[in-house]
Structures are given as structure tokens and as C-alpha cells.
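Student: Please work out how this folds:
(one chain, ligands or ions: 1)
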Amino acid sequence: MTISPSYRGRFAPSPTGPLHFGSLVAAMGSYLQAKRQNGEWLLRIDDIDPPREQKGVVDNILKTLDGFGFEWNGEVLYQSNRRERYHEVVHHLLEQKLAYPCSCSRKSILEKTGQTKGETVYPGFCRNGPLENLSEYSIRLRCNHELIQFDDAILGPQSFDLEKMNGDFVLQRRDGYFSYHLASGIDDAEQGITEVVRGADLLNCSPGQIHVQQTLGLSPPLYCHLPIVLSESGQKLSKQSHAKPIDSKESVDLLYKSLKFLGQMPPIELMQSNNKEIWNWAINHWQLDLVSK
Ligand SMILES: [Zn+2]
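Tutor: Residues are numbered from 1 along each chain as shown. Okay, the predicted model is just below:
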């Protein structure tokens, strides 16, 4: 067993709905990567988008994780308490001319570029000053054609051209809320996370977060993107698609299923055991190599 006491992982759910089986798989993957290496596992609540959040969900998430036997290190970090830090960073980036105010709405970008809905690329209309004189602007981070490259622990070498992928992306929205790229990019680096383990649905967020970190002179963590759980109809399980919430009354069954989903081979007897025994087995037998791409 490799001992690397400096390993630090995290699970960072957004409180937009209760945890579902896909969340359990992501939590389990990051937990086992950390515990197998005698590392720390932090819990962070990514509550930076209040309009999309549901009341009472944070409590529900904490209780559910506890009910499934997850043990996190230290205090839970709430991104809603980090706004001052994000402000400071945005201010610094504006001063350094690494970021700039943008007056474009999503609609006007679509109209001007002839792109259709979905992933839009912003071609930097406001790079030399906002096109329109408004009272509120979004703030965008400059990017360039330099490739963002990293070696994903499961998916292997990755290479992204941010300019082609998103163009200069939003750090702070016009309504004042901060973007996921900004908040998570800063927090992962400043919390000293050594490896981010999460679902492959977030693979496309990694280059933006790495770009935020590199622009700020922070060192990016390693990345590991787990396979995504699909519903019977072949769609990604998500809070938005109203995936069934997980219930800690079924923890043994769901932990077992989650291990199987991650390619591990838990002995069948574990299905008759308890959380503690499952976790003991899982931590001792966790093999990232068995996880499918
Ligand atoms: Zn603009």
C-alpha cells in the first residue's frame, strides 16, 4: 500500500437537489482514492448559485453522507462564505488586465456569431472595452490558444484549446454570482486538494479551472474523471432530471452497487453486512485500475 499522507481529496456537491446514485458513485470514488492512500477527504458545499438551490438540501446532503458512513476531515467549507475571496481575486485579475468587463448577453452573442443554443464560444467582443454602456457587466477571463493539458488518472492524456472550446469565459455573472470555474478553481487550489476525483460529466470544466489556477499562479491538482451513471433511458442521472434520491436505509445495498459500478469486485457476503464492513473491505481493496473509462 502506498503511503502518501499528503494526499488530499474532496467531494463538492452543489445543493441543487438531494444526492442520487450518481453522486454516491462520485463521492465513493473520491473517498476511496483518498482513504486508500491514507489521505484526507474534505467536504465542500458548492453553494454559489442561490437561484438554483433548494432549501434544506444542504442538511439533507450532510445527513445522507453521514448515513452512508462517509467521514470527512475538518469543517465543511461553504463556498457562500468565500465570496469575499472571490471578489478579491476578480478585482486583482481586472487590475492586471487578465480579466475584463463584458456587456454581451447570451442572446446577443448567439445573434452576432450565428451560433445555436448549447455550448457557445465567446469571441472576445469586449476585450478592448465593453461594447455597451451598462450598469452591470459580467467579468470574463482572457484565454488564448495555449493548450491546457493534463494526464487524467482514468482517461489518460487530455488536451483542450480553451479559445476554441469556450473563448474567454465568465468569472462573475452580470447578477453578481461567481462562476463554477472561478470558485472551484480557487478553492481546489487553496484548500490544497492534490487530486480532484469526480464524474466525467465535469471533464469539460477542468481546463477552465486549470486556466484560473495557472493565471493566479496556483498549482492545479491532479484530475481523475469517473464514468457517469446513466438511467435506464440512457440519460445521465442528475438532480435536474429528478434522479431518485438515495436513502441511507438502503446504504448497504447502494454502497455495494456503487462498488460494482466502479469495477470493484466486492464479495457477495458483503451484501449481508453493514456500512463499516463494506468500507473496510473497499478501502483495503480499492483499485483505480479496475474503473472503466
Ligand atoms: Zn462582451
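Student: care to break the protein down by domain?
Tutor: Listed by automatic domain parsing, the domain ranges of the chain are 8-80+192-290, 83-181.
Student: Highest mean neighbour count out of the ones you listed?
Tutor: domain 8-80+192-290 (a mean of 18; mean count of other Cβ atoms under 10 Å). Every C-beta, even on glycine, is put in place using the N, C-alpha and C of the backbone.
Student: Show me how far that domain is from its chain's centre.
Tutor: 10 Å (Cα atoms, centre = their mean, to the nearest Å).
Student: before we move on, what about stretch 173-186?
Tutor: 13 Å.
Student: Take it, keep the C-alpha atoms, and write them as PDB.
Tutor: What follows is stretch 173-186, C-alpha atoms only, in PDB (Å, rounded to 0.1, in the frame of the first residue of the first chain):
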ATOM      1  CA  ARG A 173     -22.100  36.800 -13.900                       C
ATOM      2  CA  ARG A 174     -23.900  40.000 -14.500                       C
ATOM      3  CA  ASP A 175     -26.200  39.300 -11.500                       C
ATOM      4  CA  GLY A 176     -23.000  39.200  -9.300                       C
ATOM      5  CA  TYR A 177     -22.800  35.500  -8.700                       C
ATOM      6  CA  PHE A 178     -19.500  33.800  -9.300                       C
ATOM      7  CA  SER A 179     -18.900  31.000 -11.800                       C
ATOM      8  CA  TYR A 180     -18.200  27.400 -11.000                       C
ATOM      9  CA  HIS A 181     -14.900  27.700 -12.900                       C
ATOM     10  CA  LEU A 182     -13.700  30.600 -10.700                       C
ATOM     11  CA  ALA A 183     -15.000  29.300  -7.300                       C
ATOM     12  CA  SER A 184     -13.900  25.700  -7.700                       C
ATOM     13  CA  GLY A 185     -10.700  26.600  -9.400                       C
ATOM     14  CA  ILE A 186      -9.600  28.800  -6.500                       C
END
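Student: what's the average pLDDT for that stretch?
Tutor: Taken as a whole, stretch 173-186 has a mean pLDDT of 96.
Student: Beyond the helix or strand hosting Lys35, next helix or strand please.
Tutor: According to DSSP states H and E, Lys35 maps onto helix 21-36. Remark: after helix 21-36, the chain's next helix or strand is strand 40-45, criterion DSSP H and E.
Student: Residues touching that next one, excluding its own?
Tutor: 7-15, 30-31, 34-35, 58, 61-62, 65, 70-74, 76-80, 187, 191, 193 (Cβ atoms under 8 Å, 6 or more residues apart in numbering).
Student: How about the contacts made by Phe70?
Tutor: Phe11, Ala27, Tyr31, Trp41, Leu43.
Student: Which secondary structure state does it sit in?
Tutor: Here Phe70 is coil, with the state taken from DSSP: H, G, I helix; E, B strand; the rest coil.
Student: where do the strands sit along this structure?
Tutor: Taking DSSP state E to define them, one finds strands in the chain at 8-11, 40-45, 77-78, 99-102, 138-141, 148-152, 156-160, 169-172, 195-199, 222-226.
Student: Direction included, what does the fifth one pair against?
Tutor: Looking back up the chat, that one is strand 138-141. Under the criterion DSSP bridges, strand 138-141 sits next to strand 99-102 (antiparallel), strand 169-172 (antiparallel) in its sheet.
Student: Need the contact partners of the first one.
Tutor: Applying Cβ under 8 Å, 6+ apart, the set of residues contacting strand 99-102 from outside is 90, 93-94, 122, 125-127, 129-130, 137-142, 168, 170-171.
Student: how about low-confidence regions in this protein?
Tutor: Applying pLDDT under 70 to the chain flags residues 1-5, 239-240.
Student: Pull stretch 248-257 out as PDB, backbone CA atoms only.
Tutor: In PDB, the C-alpha atoms belonging to stretch 248-257 read as follows (Å, rounded to 0.1, in the frame of the first residue of the first chain):
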ATOM      1  CA  SER A 248     -29.400   5.700   3.900                       C
ATOM      2  CA  LYS A 249     -31.800   3.000   4.900                       C
ATOM      3  CA  GLU A 250     -30.600   1.300   1.700                       C
ATOM      4  CA  SER A 251     -26.900   2.100   2.300                       C
ATOM      5  CA  VAL A 252     -25.500  -1.400   2.300                       C
ATOM      6  CA  ASP A 253     -27.200  -2.200  -1.000                       C
ATOM      7  CA  LEU A 254     -26.300   1.100  -2.600                       C
ATOM      8  CA  LEU A 255     -22.700   1.000  -1.400                       C
ATOM      9  CA  TYR A 256     -22.400  -2.500  -2.800                       C
ATOM     10  CA  LYS A 257     -23.900  -1.400  -6.200                       C
END
